[in-house]
Every structure is written in structure tokens, then in C-alpha cells.
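Novice: Give me a 3D structure for the following:
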Amino acid sequence: MILYHMNIGFPFLSEKSKICIDSKEVVSRNKKFEDEAEKWQELLAPTEGYEERVFYHRVRPDSAGKACIELRNDENPHCGYGLRIRYSTEVLDHFVECLAFCAFSMAQEVCTSDWLLLIFL
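Specialist: Below is the predicted model:
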């Protein structure tokens, strides 16, 4: 298995940030948060007691077979830039989004493993 793990926080991440993923499918790791799978792109301010949410994405590739994930914070005067991850979906066909707003961080993982294996990591 190949897995690239990135932790992202301020100034890239804030409640005004926007995450852009062209997902074909989004599934929550935890059944408790299945109803939140449709709200995976909502970013919150730091929240005490927030329980981590993990979403597995099937990202739609472009015509060149590449997926593109973007995190932008256009409204932060200290930032004015963003983060873009572009990768081949032939090699790395899974994307995992972990939201932990108690620590105000987001982990992003691009990997080759099946979702069922990731549940137990």
C-alpha cells in the first residue's frame, strides 16, 4: 500500500476555507456520521469536543486521468493562496479526508488501499 498523508491547519484552514473535490462518491468511515457525508465540504471554526469525521472519496479524474483536490482561503488576509494536490487516479485511486476541528486540523490522504482496509488503520 502507498499512502501520502498531509496535515493542514491555519492559515490554509479556517471556517472560511473552501475545499474543492469532484467526488463521484463520498462515504463516512463511522456509521454515526453517515448523514454528514453530504456535508463533507463544510469547514467549521475550532470546536471543543468535536469528534473527528473521516470521509472516503472516489474522486472523478479529468481527461488526463488526474484528480485535483484544492483547499482555498481567499478571505484570509494572512493567506491569499491555497493548496492543490493533483495526482494520477491510475496509481492512487483513493482519497481520505479527516476533519478534526477540536485541534483545528484536516488530514488529507491519497492512497492505493481499499476503503475497508483503511477503516482498521
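
Novice: Any idea what the residue nearest to the spatial centre of the chain is bridged to?
Specialist: Centroid-nearest residue in the chain: residue 97, 2.9 Å away (criterion: Cα atoms, centre = their mean). In this entry, residue 97 is beta-bridged to residue 55, residue 108, by DSSP bridges.

Novice: Could you measure from it over to residue 41?
Specialist: 9 Å (Cβ to Cβ, to the nearest Å). Backbone N, C-alpha and C define where each C-beta goes, glycine included.

Novice: hey, where'd the helices end up in this structure?
Specialist: Using DSSP state H, the helices of the chain run over 115-119.

Novice: Run through it and note the low-pLDDT ranges.
Specialist: Along the chain, the parts satisfying pLDDT under 70 run over 76-80, 101-104, 113-121.

Novice: Please repeat the previous calculation with a cut-off of 80.
Specialist: Counting by pLDDT under 80, the chain shows low-confidence ranges at 1, 10-12, 32-33, 36-37, 39, 44, 73-81, 101-106, 113-121.

Novice: Which stretches in the chain count as strands?
Specialist: Taking DSSP state E as the criterion, the chain carries its strands at 3-8, 18-21, 23-28, 53-59, 66-72, 82-88, 94-100, 105-111.

Novice: Name the stretch from those strands that approaches residue 34 most closely.
Specialist: strand 23-28 (4.8 Å; Cβ to Cβ).

Novice: wait, residue 95 sits on residue 110?
Specialist: Yes: using Cβ atoms under 8 Å, residue 95 makes contact with residue 110 at a distance of 5.7 Å.

Novice: Just give me the residues shared between the contact sets of residue 97 and residue 41.
Specialist: 19, 21 (Cβ atoms under 8 Å, 6 or more residues apart in numbering).
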